[in-house]
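**Q** mind folding the following:
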Amino acid sequence: MSHNAIDPTKAALLDAILPHVAFDGWSPKAFQLAVQEVGADNPAAVCPRGAVDLAIAFHRRGDAAMVAALAASDLSDMRFRNKVATAIRLRLAAVPDKEAVRRGTTLFAVPHMAADGTKLIWGTADAIWTALGDTSQDANWYSKRMTLSAVYASVVLYWLGDDSLDGQATDAFIDRRIDDVMQFEKVKAQVKANPLFKPLTGPLGRILAGVKAPSHAVRDDLPGIWNDPQ
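**A** Presented below is the predicted three-dimensional model:
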């Protein structure tokens, strides 16, 4: 089974639980209903944490759908900021049930689940950057994903409350958030180029030069600033 493949039994349980999540959340009750419908003999073998594992699988399924949609899209004439915005929009479009995301947001807001939620958001940001061909191997690898994680998390929260026609308000919000990041990048570049800040940026730059991106083998263990070339 490939790294991104989902166990067939888990996939069946995920499909079965979704109709129940709107009423019962990602809960033990919803999980048991899914188990009964699927007839899984040993559900703990594929979902030791029950519905939590299915909530994680639901999020990662959305990431995989987004990556596939990006691969099928022609982004060649887009500015990089627009490519990122498109990726975020495709990720939202990959959600079959907004209520499942709403319930998941509640689940991962619980203190003991926060680390899992952060890792999922980071994973989405990493999936976007990887799909868009990011080749950074230094501190930028982290800063790009950290910034996009913050952007994506804020977009999801806005989108959950958006009842505008065809999500027009969310579209505008995505553009504003990316504009904010690009403005920050512009200021950062100006500070870096200003000789007055050299006593601070010089030593910091040397420290950051020693930071390397993780190997592909360990990237999934991470929790969840880009330059616009045009």
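**Q** in whichever strand or helix holds Lys144, what's buried?
**A** Assigned by DSSP states H and E, Lys144 belongs to helix 139-160. The neighbour-count criterion (16 or more other CB atoms under 10 Å) identifies 139-145, 147-149, 151-153, 155-156, 158-159 as the buried residues of helix 139-160. For the C-beta atoms, the positions are set from N, CA and C on the backbone; glycine is no exception.
**Q** where does the prediction get shaky in this protein?
**A** Low-confidence regions of the chain, defined here as pLDDT under 70, cover residues 1-4, 184-230.
**Q** from Lys98, how far off is the residue nearest the centre of the chain?
**A** Among the residues of the chain, Thr124 comes closest to the average C-alpha position under CA atoms, centre = their mean, at 2.3 Å. The span separating Thr124 from Lys98 equals 16 Å under the rule CB to CB, to the nearest Å.
**Q** cool, Leu107 as well?
**A** Per CB to CB, Leu107 is found 15 Å from Lys98.
**Q** please apply the same query to Leu90.
**A** With distances taken as CB to CB, Leu90 is found 15 Å from Lys98.
**Q** if you count surrounding residues, which of those two has more?
**A** The residue with more neighbours, out of Leu90 and Lys98, is Leu90; 20 against 13, by other CB atoms under 10 Å.
**Q** which residues touch the more buried one?
**A** Leu90 makes contact with Met66, Ala69, Leu70, Ser73 under the criterion CB atoms under 8 Å, 6 or more residues apart in numbering.
**Q** now the angle from the strand or helix carrying it to helix 139-160?
**A** Secondary-structure element containing Leu90, defined by DSSP H and E: helix 80-93. For helix 80-93 against helix 139-160, the angle between stretch directions is 50 degrees (axes from the mean of the first three to the mean of the last three CA atoms, to 10 degrees).
**Q** who's in contact with Thr9?
**A** Here Thr9 is in contact with Val38, Ala40, Pro43, Ala45, Val46 (criterion: CB under 8 Å, 6+ apart).
**Q** ranges for the helices of this structure?
**A** Defined through DSSP state H, the helices belonging to the chain, from first to last, are 8-24, 28-38, 51-71, 80-93, 98-109, 114-131, 139-160, 168-193, 198-209.
**Q** tally of neighbours for the residue nearest to Leu75 when sequence neighbours are not counted?
**A** Spatial nearest neighbour of Leu75, excluding adjacent residues (CB to CB, 6 or more residues apart in numbering): Lys83 at 5.0 Å. Neighbourhood size, Lys83 [other CB under 10 Å]: 20.
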